[in-house]
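1. build me a model:
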Amino acid sequence: MEIKYIENGSVTSAKGFTANGICAGVKASNTTKKDLALIYCDKVCNSAAIFTKNLVKSDTIYVTKKHLENGTAQAVVVNSGNANACNPDGYEKAEKMCSLAADALGVDENDVIVASTGVIGQPLPIEPIASGIEKLKGTLSKDGGISAAEAIMTTDTVSKQVACTVNIAGKEVTVGGMCKGAGMIHPHMATMLCFITTDAVIEKKALQKMTSDIVEDSFNMISVDGDTSTNDTVLVLANGEAGNDTIKEGSSDYDTFYEALSYVLTELSKKIAGDGEGCTCLFEVQVKGASTKEQARILAKSIVTSNLTKAAIFGHDANWGRILCALGYAGVDFDPVKVDISLKSADGVIEIVKDGIATDYSEDEATKVLSADAVTVDIDVHNGVFEATAWGCDLTHDYVTINADYRS
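-> Numbering: from 1, shown residues only. Here you go, the predicted structure:
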């Protein structure tokens with residue numbers, strides 16, 4: 001099996017999908033940034049979704065869950081600039097966004113998915129969204145995926161898109177997607193929205209199980225600041241236009257498509273972690289030798305969420321004591337005197353801890369390795385055969401500046 005990366009791929013790379021994004025002026029102060037997007041398929045799609053575990057949820061989550069009860073969808077309307085969360089009329093406005101999009105696209109209102117992202121607790125102005133949808137409906141295209149990805153950004157510094165193809169029983173199947181997220185990012189989802197499209201033929205039940213499993217090893221393994229948001233959504237739409245035999249759980253085709261969907265979700269996860277608010281580098285933690293998969297996940301996340309470790313990464317300081325300490329309070333049983341720790345980046349590899357104590361490493365060499373745009377901490381606890389990877393970023397002065405001024 002070979003997964004082929006699509007250069008400049010997007011949420012419209014798969015057959016049958018179009019999109020676009022424009023500036024609708026959701027925030028009165030915004031006159032230039034794109035803030036409203038539509039994604040549309042020419043047929044009803046089998047769908048799967050995962051949502052935030054925060055008890056405080058945007059009303060867009062409740063509306064989307066209701067519309068996905070039958071496991072199908074055909075369009076997505078999403079705005080940035082306002083989270084539509086904690087508002088007395090939030091549910092009605094989320095439903096209104098769906099009805100407006102449905103009328104514009106000529107689809108069933110119950111097959112429209114809605115999402116919002118932005119400041120919590122501020123009333124959502126529906127008028128600019130209504131006029132924006134009217135402007136969007138005649139402009140959807142295969143090239144519009146890039147604009148749609150730009151329209152869902154908040155504090156993101158870059159748009160985030162990935163697409164690939166894979167061969168399933170002689171048929172080329174495409175998976176593409178876009179996401180947003182830079183702050184309020186923490187395992188069990190984050191302040192992130194992710195929309196995936198594919199032309200694969202796949203059963204609804206199989207698609208939901210696959211999506212749920214992959215999210216555990218992708219979006220639930222990233223963290224920027226330890227805050228879980230109110231709006232988090234991962235949505236997958238499959239329209240079946242690739243014409244492959246129906247993918248069912250337990251088949252070899254299921255495994256092949258799993259790898260393709262996993263590739264897209266994992267790459268999007270890394271893009272979020274690497275664009276964390278104020279960050280200067282992507283921080284990856286690989287844990288090996290755990291006694292169970294879940295324990296490997298817990299250990300990796302404990303390190304990637306440690307503020308002291310993240311600050312050390314920002315300072316290019318090989319402060320391995322902070323890493324070992326974060327392992328120790330994770331709640332997983334292991335023997336500290338068996339732990340090995342190495343640092344890796346494009347600038348080299350250096351082992352800094354062997355059997356729980358420091359090696360005779362060069363601080364200058366360690367600083368060089370830690371000065372790259374992407375840094376990996378590789379850990380072996382020698383307690384089993386399971387492994388897991390988590391992604392985050394360094395913690396910088398700019399993170400505080402961005403969030404101190406977020407509402408202004």
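2. let me see the backbone angles for the residue sitting furthest away from the middle of the chain.
-> In the chain, counting by C-alpha atoms, centre = their mean, Asp360 sits farthest out from the average C-alpha position, at 38.7 Å. Note on Asp360: backbone dihedrals following degrees, to the nearest 10 are phi -90, psi 60.
3. can you tell me the closest non-neighbouring residue to Thr139?
-> Using C-beta to C-beta, 6 or more residues apart in numbering and skipping residues adjacent in sequence, the residue nearest Thr139 is Asn20, 4.8 Å away. To be clear about C-beta, it is placed using only N, CA and C from the backbone, and glycine gets the same treatment.
4. one more: Leu136?
-> Nearest residue to Leu136, sequence neighbours excluded (C-beta to C-beta, 6+ apart): Leu38, at 4.8 Å.
5. list the contacts of Lys301.
-> 187, 221, 223, 330, 390 (C-beta atoms under 8 Å, 6 or more residues apart in numbering).
6. make JSON lines out of these and add neighbour count and distance to Cys194.
-> Shown next, in JSON lines, are the contacts of Lys301 (neighbours: other C-beta atoms under 10 Å; distance: C-beta to C-beta, whole Å):
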{"residue": "Pro187", "neighbour count": "22", "distance to Cys194": "15"}
{"residue": "Met221", "neighbour count": "24", "distance to Cys194": "14"}
{"residue": "Ser223", "neighbour count": "26", "distance to Cys194": "16"}
{"residue": "Ala330", "neighbour count": "20", "distance to Cys194": "27"}
{"residue": "Ala390", "neighbour count": "28", "distance to Cys194": "18"}
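7. now, which of those residues sits nearest Asp199?
-> Distance to Asp199, by C-beta to C-beta, is smallest for Met221 among the contacts of Lys301, at 27.4 Å.
8. host element of the nearest residue to the closest one once chain neighbours are set aside?
-> Once flanking residues are discounted, Met221 sits nearest to Ala390: 4.5 Å by C-beta to C-beta, 6+ apart. For Ala390, the enclosing helix or strand under DSSP states H and E is strand 386-393.
9. just the CA atoms of the helix or strand containing Ile113, as PDB, please.
-> For Ile113, the element it lies in under DSSP H and E is strand 112-117. Written as PDB, here are the backbone C-alpha positions of strand 112-117 (Å, rounded to 0.1, in the frame of the first residue of the first chain):
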ATOM      1  CA  VAL A 112     -26.400  20.700   6.700                       C
ATOM      2  CA  ILE A 113     -23.700  20.700   9.400                       C
ATOM      3  CA  VAL A 114     -22.900  23.900  11.300                       C
ATOM      4  CA  ALA A 115     -19.800  25.000  13.200                       C
ATOM      5  CA  SER A 116     -18.500  28.200  14.700                       C
ATOM      6  CA  THR A 117     -15.300  29.300  16.200                       C
END
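10. correct me if wrong: the residue nearest to Leu136 contacts Leu100.
-> No. Using C-beta atoms under 8 Å, Leu38 makes no contact with Leu100, being 10.3 Å away.
11. where's Lys34 relative to Gly16, distance?
-> Lys34 sits 23 Å away from Gly16, going by C-beta to C-beta, to the nearest Å.
12. cool, and Gly289?
-> 45 Å.
13. buried set for the longest strand along the chain?
-> Longest strand of the chain, by residue count under DSSP state E: strand 36-51. When burial is assessed from 16 or more other C-beta atoms under 10 Å, strand 36-51 yields the following buried residues: 36-41, 44-51.
14. show me what the helix or strand just after it packs onto, helices and strands only.
-> Next in sequence after strand 36-51, counting helices and strands by DSSP H and E, comes helix 59-67. Packing partners of helix 59-67 (3 or more C-beta pairs under 8 Å, 6 or more residues apart in numbering; DSSP states H and E): strand 36-51, helix 90-105, strand 112-117, strand 233-238.
15. name every strand pairing with the last one and say which way it goes.
-> This means strand 233-238. Sheet pairing of strand 233-238 (DSSP bridges) gives strand 36-51 (antiparallel), strand 193-198 (parallel).
16. so for Ala73, which of those sits nearest?
-> Of all those, strand 36-51 comes closest under C-beta to C-beta, at 4.5 Å.
17. now do that closest one against helix 59-67, angle only.
-> Calculated by axes from the mean of the first three to the mean of the last three C-alpha atoms, to 10 degrees, strand 36-51 forms an angle of 70 degrees with helix 59-67.
18. let me see the ranges of the strands in the stretch 251-400 of the chain.
-> Along the stretch 251-400 of the chain, counting by DSSP state E, counting those that start in this stretch, strands occupy 282-290, 340-345, 348-354, 357-358, 374-380, 386-393.
19. quick one, which of those is nearest to Thr197?
-> Closest among the strands of the stretch 251-400 of the chain, using C-beta to C-beta: strand 386-393, at 23.3 Å.
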